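Colleague: sequence first, then the predicted structure, then my questions.
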Amino acid sequence: GFGRGVGVLEFSGNAIGGRELFPVAKLLTTCRSIKRLVLSRNSFEDRICFGHQANQSMEILAKPLRKLHTLSHLDLSQNNLGVGIQLLSPALVGCSQLNHLDLHSNKIGDAE
């Protein structure tokens, strides 16, 4: 099927975030041989939800990321991840080949 041999997916600079990531997440579930995933310069920023900061973008991406066992390069730079970074670490546990993780310019820190 489509995507089985895909090694690189790049969606940088597309202003996608939140619910717009559902198609990307679905694609990640079919492209299990991805080695390089670039999602830099998008809109993954935190939102206020029921009085708390939440990051819907990382919630959507966390599940498919767990299954990308061949992933060696992940670029999530310039997305203002904020508290969403807390969802990233558990999601990458299964990525034993990961040797490059770019998180620059993400306003990572404590929630206000």
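Modeller: Yep, that arrived. Residues are numbered from 1 along each chain as shown.
Colleague: what sits against the residue nearest to residue 26 when sequence neighbours are not counted?
Modeller: Leaving aside its sequence neighbours, residue 26 sits nearest to residue 64 (C-beta to C-beta, 6 or more residues apart in numbering; 7.9 Å). Backbone N, C-alpha and C define where each C-beta goes, glycine included. Counting by C-beta atoms under 8 Å, 6 or more residues apart in numbering, residue 64 makes contact with 25-26, 28-29.
Colleague: show me where the protein has helices.
Modeller: 22-30, 56-66, 85-91 (DSSP state H).
Colleague: mind checking the pLDDT average for the second one?
Modeller: For helix 56-66, mean pLDDT rounds to 89.
Colleague: give the buried residues for that helix.
Modeller: Within helix 56-66, the residues scored as buried using 16 or more other C-beta atoms under 10 Å are 56-58, 60-62, 64-65.
Colleague: just the CA atoms of stretch 94-109, as CSV, please.
Modeller: Taking Å, rounded to 0.1, in the frame of the first residue of the first chain, the C-alpha atoms of stretch 94-109 are listed here in CSV:
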residue,chain,number,x,y,z
GLY,A,94,9.9,3.1,21.1
CYS,A,95,12.1,5.1,18.7
SER,A,96,15.3,3.2,19.5
GLN,A,97,17.0,4.5,16.3
LEU,A,98,16.4,8.2,17.1
ASN,A,99,19.8,10.0,17.0
HIS,A,100,18.7,13.5,16.0
LEU,A,101,16.0,15.5,17.8
ASP,A,102,15.6,19.2,17.0
LEU,A,103,13.4,21.2,19.4
HIS,A,104,14.9,24.7,19.1
SER,A,105,12.6,27.7,19.4
ASN,A,106,9.8,26.0,21.2
LYS,A,107,9.3,28.1,24.3
ILE,A,108,9.8,24.9,26.4
GLY,A,109,9.4,25.5,30.2
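Colleague: all good on my end, thank you.
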